[in-house]
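Student: how does the following fold in three dimensions:
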Amino acid sequence: MSLLLRGLSSLISLGRPHVSVRSSHVLHSRGFSTTFLLQTPPCEILFAKPCGADLGKLVVLNLNEPKCTYLEKKVPLELVNDEDAKITTIGASHGWIATLKKDGILRLQDDLNPVASDTYPKRIHLPPLVTLPHCQTKIITNVSMSSSSPEDDEDCVVAVKFLGPQLSFCKPAGQSSSSKPEWTNIKIENPCFYSSRVMFSEKDNMFRILGDGGHLIGSCDPGNPSDDPKFQSVRFQNMPKLTKAKQNLMDMCCRSEHLVESRLTGETFLVKRFKKTIKITKSGIARMKTKVLMVFKIDEKGNAVYTQDMGDLVMFLSMSEPFCVPATSFPGLYANTVDIFDFEESGFVFLRSSYIWSRSSHFLAPYHIPPQNIVQS
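Tutor: Numbers count the residues shown, from 1 in each chain. Alright, predicted model coming up:
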């Protein structure tokens, strides 16, 4: 019931100014040293309130609070409010937004990071995209990064998955006086990966990609990507017993699969999400809503065990690279839940009971921003 109240509270209060910004101390231990980092709570991007000069003040929903937060941070309106903008956001990772203009240049921007400077925003121009034979680079599935510092971490790799067989990698800061960043492009010929999303596994130091249906995982070494990635078969276990009505419902849904890693615990999860069309707009666009969501915990041998218990973890599934955080690190979060956010839906799933609450709307920048370190002067 408390989850339902939280959801209804978010819906009712959306749009009301909320001036307090809550942060949390997160404990990090390395060897015998222990440090406390002040971090922002995970949030989702809502919109920007126009304030002149094609700029708007960013409005976010801190996901441990019931009300939206109006920030003083100014961002380009074309990133969040303008459906006809000349720039397209194509994904997000570590709080960085990836954009693509008609010039074919992919850019990384920190504009939507709540703690990044709006006076000196960071914009990283990547090299022109290279299209492999029998591939395309116009439609992008998603973007993933191996670290949160593409501007100065020479080992940071950006991975871009295109619809089709092409997967491309680039080191934005991996340049010297004699060389500039360039793309390394590979083709994954197996059609089950054509519409897949790429994610980075910090535990394995690998980019991983999940095949359609979730039965095969491909892994690519960020330091030496190859046309012949390593593949691992996935075996589903402890499958839930479904009623005929629920099975029929799932058969009518559009299914997607996602790999999600909890970097704190080292656990890897496979998520199956089932969305059903609930409305066709006058312009012929299908509006969809999540009807079923299943979570499986994957071990090193590829066994995917169905679970309704992620412990203290909260999972965040959006058009950003997905992530997990412990609920106890951010008071107000609910453990063992999955927050969902995409172009047409925002809500959450309570895994223990499989209860889903969501609201339909239209979001132009449906990105979850993971906790960001707050630099104290």
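Student: outside of stretch 169-189 itself, list whatever touches it.
Tutor: 108, 124, 126-127, 129-130, 132, 135, 149-160, 165-168, 207, 209, 218, 220, 222, 225-227, 229 (CB atoms under 8 Å, 6 or more residues apart in numbering). In this view, the C-beta of every residue, glycine as well, is placed from N, C-alpha and C.
Student: Lys49: what's it in contact with?
Tutor: So Lys49 contacts 56-57, 59, 70 (CB under 8 Å, 6+ apart).
Student: show me the shaky parts of the chain.
Tutor: 1-37, 175-178, 376-377 (pLDDT under 70).
Student: quick revisit: out of the contacts of Lys49, flag the one nearest to Met239.
Tutor: Val59 (41.2 Å; CB to CB).
Student: the helix or strand hosting the closest one: what's the following helix or strand?
Tutor: If you go by DSSP states H and E, Val59 is part of strand 55-62. As assigned by DSSP H and E, the chain's next helix or strand after strand 55-62 is strand 69-76.
Student: report all helices and strands that that following strand contacts.
Tutor: Contacts defined by 3 or more CB pairs under 8 Å, 6 or more residues apart in numbering; DSSP states H and E place strand 69-76 against strand 43-52, strand 55-62.
Student: can I get these in JSON lines with distance to Leu242?
Tutor: Formatted as JSON lines, the helices and strands packed on strand 69-76 follow (distance: least, CB to CB, whole Å):
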{"stretch": "strand 43-52", "distance to Leu242": "31"}
{"stretch": "strand 55-62", "distance to Leu242": "33"}
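Student: got CSV for the contacts of Lys49, with distance to Val271 and neighbour count too?
Tutor: CSV is the format used below for the contacts of Lys49 (distance: CB to CB, whole Å; neighbours: other CB atoms under 10 Å):
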residue, distance to Val271, neighbour count
Gly56, 32, 22
Lys57, 33, 16
Val59, 28, 21
Tyr70, 32, 17
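Student: out of the residues you listed, who's nearest Met288?
Tutor: Using CB to CB, those come closest to Met288 at Val59, 24.5 Å.
Student: that closest one - nearest residue in space that isn't next to it in sequence?
Tutor: Leu46 (4.7 Å; CB to CB, 6 or more residues apart in numbering).
Student: and Phe341, by the same measure?
Tutor: Ser318 (3.9 Å).
Student: quick one, what contacts that neighbour?
Tutor: Here Ser318 is in contact with 44, 339-342, 366-368 (CB under 8 Å, 6+ apart).
Student: could you do Met252 as well?
Tutor: Lys276.
Student: ok, back up a step: for the residue nearest to Val59, give me its contacts.
Tutor: By CB under 8 Å, 6+ apart, the neighbours of Leu46 are 14, 59-61, 68, 363.
Student: from the residues you listed, which would you call buried?
Tutor: 14, 59-61, 68, 363 (16 or more other CB atoms under 10 Å).
Student: what's the closest of these to Val292?
Tutor: Phe363 (21.6 Å).
Student: residues touching the closest one, list them.
Tutor: 45-46, 341-344, 346.
Student: closest to Val115 among the residues you listed?
Tutor: Nearest member of the contacts of Phe363 to Val115, counting by CB to CB, is Ile45, at 13.7 Å.
Student: just to check, that closest one is in contact with Leu63?
Tutor: No. Using CB atoms under 8 Å, Ile45 is not in contact with Leu63, being 11.5 Å away.
Student: the more surrounded of these two?
Tutor: Ile45 (28 against 24; other CB atoms under 10 Å).
Student: which strand residues bridge that one?
Tutor: For Ile45, the beta-bridge partners under DSSP bridges are Val60.
Student: sec struct for Pro371, please.
Tutor: Put simply, Pro371 is coil when judged by DSSP: H, G, I helix; E, B strand; the rest coil.
Student: gap between it and Gly347?
Tutor: Per CB to CB, to the nearest Å, Pro371 is found 21 Å from Gly347.
Student: the two: which is more packed in?
Tutor: Per other CB under 10 Å, whichever of Pro371 and Gly347 has more neighbours is Pro371, with 21 against 18.
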